[in-house]
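> Requesting a structural model of the entry that follows:
(2 chains)
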Amino acid sequence: MDFIYSTWPWYVAGPLIALTMFLLMKMGKKFGMSSNLRTMCSIGGAGKFVDFFKFDWKKDIWNLYVVAGVILGGFVALQFLSPTAPQINPDVVAQLQELGINSTNSAFLPTELFSLDSLLTIKGFSILLIGGFLVGFGARYAGGCTSGHAISGLSNLQLPSLIAVVGFFIGGLVMVHLIFPLIF
Amino acid sequence: MQKFLSFFGIGLFLGILFIKSEVASWFRIYEMFQFKSFHMYGIIGSAIAIGIVMVKYFKYNDTKDFSGNKITINPKEKGFTRYIAGGVIFGLGWALAGACPGPMYVLLGSMLPSILVLILGALLGTFVYGALRNKLPH
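A predicted model of the protein is given here:
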């Protein structure tokens, strides 16, 4: 049982992600985790305002079944299967301390950003809302996210996916190296 | 019902995997963008390496899915602007929120209300993209 409780190493997790992609393709679908956001907008009635959301979402209902499973899986894993927090590189722990984040190695998510106390501040609320917004906007603009472009797209050796992944890294590096020092 | 259970089961497996491999941890994403750990690169890299062989095998052998239809992959449209611009915007959010769309749902399991704000933001971003789509360069 030790294996279940400790961090799954990359050489286990990577192949298991590939296995998930294999199963979804064998089921006639694709591995992508952001198109369900469009489906949810459509179900919520966004098609009344914007044509982009007028589509036959019933065909895509399967991706909401996946989301439902993902939510339960996350609950089970976080509540029962994860006794230790991620252990991060010591250099990074020190860097985060300088930014005022001290929950490294003791929590799964930084409490400084995700706690209820932080959520109730304008800064804390804005970081989460803007972070989510950029993810949702960028994923649809680029036509995919980490799963759709980085994993499925690169597996198919598609040039558009390579361009998108280069973009992901440009954005991520700019945020972490140039913008974080300004906001924290 | 069987259809629901099979997709739900894949999701359940993926949810546990995202937590146990820690790809849904904000700290892991930060560490990745600092190039201070091989963990994330190993996960994404090995998934792609296996994926490349798998897709080649599917194409070479005309592999069929469980319903007997040939597995086809619709290639993304050619282009540059939308992929680089959308990619950069996505990357900014990925690093700030420390989560991409899959992990956002997984993190609901933490029972933190802040995750709802994150998902609300993602839905809002998707909606605004849809509204501005015709005005954006693609």
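> Tell me which stretches of chain B form helices.
Assigned by DSSP state H, the helices in chain B fall at B:2-20, B:26-33, B:39-61, B:81-97, B:101-107, B:114-132.
> what angle sits between the longest one and helix B:26-33?
Between the axes of helix B:39-61 and helix B:26-33, defined by axes from the mean of the first three to the mean of the last three Cα atoms, to 10 degrees, the angle is 80 degrees.
> Tell me the gap between helix B:39-61 and the middle of its chain.
How far helix B:39-61 lies from its chain's middle: 15 Å, per Cα atoms, centre = their mean, to the nearest Å.
> okay, residue 27: pLDDT?
You didn't say which chain, so I picked chain A. Note for A:Met27: predicted pLDDT of 94.
> That was the other one, I meant chain B.
97.
> so it touches A:Gln87, yeah?
No - applying Cβ atoms under 8 Å as the test, B:Phe27 and A:Gln87 come out as separate, 9.2 Å apart. C-beta coordinates here come from the backbone N, C-alpha and C atoms, glycine included.
> Pick out the least confidently modelled helix or strand of chain A, by mean pLDDT.
Every helix and strand in chain A was compared by mean pLDDT, DSSP states H and E; the lowest is helix A:2-5, with a mean of 80.
> packing partners for the following helix or strand past that one?
Heading C-terminal from helix A:2-5, the first helix or strand you meet, by DSSP states H and E, is helix A:10-26. Contact analysis of helix A:10-26 by 3 or more Cβ pairs under 8 Å, 6 or more residues apart in numbering or on different chains; DSSP states H and E lists helix B:2-20, helix B:39-61 as its packing neighbours.
> Determine which stretch of these is the most buried.
For these, the largest average neighbour count (mean count of other Cβ atoms under 10 Å in any protein chain shown) is found in helix B:2-20, namely a mean of 21.
> Please see if that helix touches chain A.
Yes - contact between helix B:2-20 and chain A is present through B:3-4, B:6-20 (criterion: Cβ under 8 Å from any Cβ of the partner chain).
> residues in contact with the residue sitting nearest the centre point of chain A?
Centroid check for chain A by Cα atoms, centre = their mean gives A:Thr146 as the closest residue, at 7.5 Å. Residues near A:Thr146 by Cβ atoms under 8 Å, 6 or more residues apart in numbering or on different chains: A:Met33, A:Phe168, B:Ile44, B:Trp94, B:Cys100, B:Pro101, B:Gly102.
> Just the CA trace of the least confident helix or strand of chain A, in PDB.
Extracted in PDB, the C-alpha atoms of helix A:2-5 (Å, rounded to 0.1, in the frame of the first residue of the first chain):
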ATOM      1  CA  ASP A   2       3.000   2.300   0.400                       C
ATOM      2  CA  PHE A   3       2.900   2.900  -3.300                       C
ATOM      3  CA  ILE A   4      -0.600   4.300  -3.200                       C
ATOM      4  CA  TYR A   5       0.300   6.800  -0.400                       C
END
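> Dump the contacts of A:Thr146 to TSV, plus pLDDT and distance to A:Asn156.
Listed next are the contacts of A:Thr146 as TSV, based on pLDDT from 0 to 100; distance: Cβ to Cβ, whole Å:
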residue	pLDDT	distance to A:Asn156
A:Met33	91	17
A:Phe168	97	17
B:Ile44	97	15
B:Trp94	97	21
B:Cys100	91	19
B:Pro101	93	19
B:Gly102	93	19
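> from those, which is closest to A:Ser82?
Nearest to A:Ser82 among the contacts of A:Thr146: B:Gly102, at 16.9 Å, using Cβ to Cβ.
> Where does the closest residue to the closest one other than its chain neighbours sit: helix, strand or coil?
Closest residue in space to B:Gly102, ignoring its immediate chain neighbours: A:Met33 at 3.7 Å, by Cβ to Cβ, 6 or more residues apart in numbering or on different chains. Three-state call for A:Met33 (DSSP: H, G, I helix; E, B strand; the rest coil): coil.
> what residues are up against A:Met33?
With contact taken as Cβ under 8 Å, 6+ apart, A:Met33 is in contact with A:Val66, A:Val70, A:Cys145, A:Thr146, A:Ser147, A:Gly148, B:Cys100, B:Pro101, B:Gly102, B:Tyr105.
> With respect to A:Glu112, which of these is nearest?
Of all those, A:Glu112 sits closest to B:Cys100, with 20.7 Å by Cβ to Cβ.
> check contacts around the closest residue to B:Asp65 other than its chain neighbours.
Closest residue in space to B:Asp65, ignoring its immediate chain neighbours: A:Gly28 at 4.3 Å, by Cβ to Cβ, 6+ apart. Counting by Cβ under 8 Å, 6+ apart, A:Gly28 touches B:Asp65, B:Phe66, B:Ser67, B:Asn69, B:Ile71.
> Report pLDDT for the third one.
Right, the one you point to is B:Ser67. Note for B:Ser67: predicted pLDDT of 90.
> now the last one
On the pLDDT scale, B:Ile71 is placed at 91.
> Tell me how many other residues surround it.
Look at B:Ile71: counted by other Cβ atoms under 10 Å in any protein chain shown, it has 17 neighbours.
> thinking it is in contact with B:Phe58, fair?
Yes - using Cβ under 8 Å, B:Ile71 is in contact with B:Phe58, at 5.0 Å.
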